[in-house]
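J.: Next comes the sequence, and after it the predicted model I'd like to discuss.
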Amino acid sequence: MNISNLISNYIIAGKYNINCATTSLKNARRYVENQFNKADKNLDEELPDFDKNYLNLHTACNKALDVPRIEMPVIEPDDIDQFNKDIKTGRVDIFAPYSKGKLYTPTGLERDRKEGKNWIKLGYKDGSINDDKIKAKLVRIPAKKLIPTQSQIWLEKIVNNIIKFGIPASNSPVANATIIVSKEGYILDGHHRYGQAMIGNPDLKMRCLKVPIGIKLLLKIGRSYGNAIGREQKG
């Protein structure tokens, strides 16, 4: 089973309404206790630090850039090695000089695969060999040191996964499926894995590809890159 399929097993289908950024501890605890009771589990036994961890996640969410989920890039764990190669070799046109005369980060490339493939090669067509080469690093970063970017992290999704799969540990997909982060530590994709770690084990060191560019530029590049390889934003 590849890593994307493994991660997809962590996703419980459904419509979510309880946003960690806007839901009080009182209401969050009421919901989570109810879900644990339905699963014949005791919240305080399973997650003795739930109150503290939830408040820390709630605070972190309110420091997010408030980017709606539908506008967030989608680069799946199976895509990240290729993404790393493409920015390392300068295929993606990130810095001046630009092949289009300015930074070109269109959306909707998933609907035109030929245009998407051409977009990924623009860094080779700007007249400069080395301007777009970026050396990202694979590092381990504790969840509590990361910063959410999107403004919607759904408590239902986090809690259902913890109940079904257990508290995230060092040998779990939550820790070992790579997430992309900016130079400041903002998360590009993987917010619900981050949320599971923050609720269950905020010291958990997550496998991160740290890209040495700022989050605003990384969002633009990541959104176009995800589209170019066929990934659509998730509503």
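T.: Here it is on my side, so go on.
J.: domains of the chain?
T.: Using automatic domain parsing, the domain parsing of the chain gives 18-71+135-210, 77-134+217-228.
J.: List the contacts of the residue of the chain most remote from its centre.
T.: Residue farthest from the centre of the chain, counting by C-alpha atoms, centre = their mean, is residue 127 at 32.8 Å. Neighbouring residues of residue 127 by C-beta atoms under 8 Å, 6 or more residues apart in numbering: 97, 99. For glycine as for every other residue, the C-beta is placed from the backbone atoms N, C-alpha and C.
J.: can you put the domains of the chain in TSV and add distance to residue 234 and mean pLDDT?
T.: Output for the domains of the chain, formatted as TSV (distance: least, C-beta to C-beta, whole Å; pLDDT from 0 to 100):
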stretch	distance to residue 234	mean pLDDT
domain 18-71+135-210	6	96
domain 77-134+217-228	10	96
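J.: which strand residues sit across from residue 209 in the sheet?
T.: Judged by DSSP bridges, the bridge partners of residue 209 are residue 138, residue 180.
J.: Check residue 154 too.
T.: Beta-bridge pairing of residue 154 under DSSP bridges involves residue 19.
J.: Against residue 201, how distant is it?
T.: Distance of residue 154 to residue 201, given as C-beta to C-beta, to the nearest Å: 19 Å.
J.: Show me where this structure has its helices.
T.: 3-8, 25-38, 43-46, 50-61, 80-88, 113-120, 155-165, 173-176, 191-200, 215-228 (DSSP state H).
J.: Please work out which of those helices is packed deepest.
T.: helix 191-200 (a mean of 26; mean count of other C-beta atoms under 10 Å).
J.: could you give the angle of that helix to helix 155-165?
T.: 70 degrees (axes from the mean of the first three to the mean of the last three C-alpha atoms, to 10 degrees).
J.: Would you mind pulling up the elements that helix 191-200 packs against?
T.: When contacts are defined as 3 or more C-beta pairs under 8 Å, 6 or more residues apart in numbering; DSSP states H and E, helix 191-200 packs onto helix 50-61, helix 155-165, helix 173-176, strand 205-210.
J.: which residues touch residue 229?
T.: Counting by C-beta under 8 Å, 6+ apart, residue 229 touches 75, 79, 82, 110, 116, 120.
J.: hang on, I meant residue 109
T.: By C-beta under 8 Å, 6+ apart, the neighbours of residue 109 are 115-116, 119, 224, 227-228.
J.: quick one: the most centrally placed residue in the chain from residue 42, how far?
T.: The chain has residue 189 as the residue nearest its centroid, 1.8 Å off, counting by C-alpha atoms, centre = their mean. Distance of residue 189 to residue 42, given as C-beta to C-beta: 33 Å.
J.: I'd say residue 28 and residue 155 touch.
T.: Yes: look at residue 28 against residue 155 with C-beta atoms under 8 Å: they come within range, at 5.9 Å.
J.: got any residues that touch both of the two?
T.: By C-beta under 8 Å, 6+ apart, the residues touching both residue 28 and residue 155 are 18, 20.
J.: For burial, what's the neighbour tally of residue 207?
T.: 18 (other C-beta atoms under 10 Å).
J.: Test my guess that it contacts residue 176.
T.: Yes: using C-beta under 8 Å, residue 207 makes contact with residue 176 at a distance of 5.4 Å.
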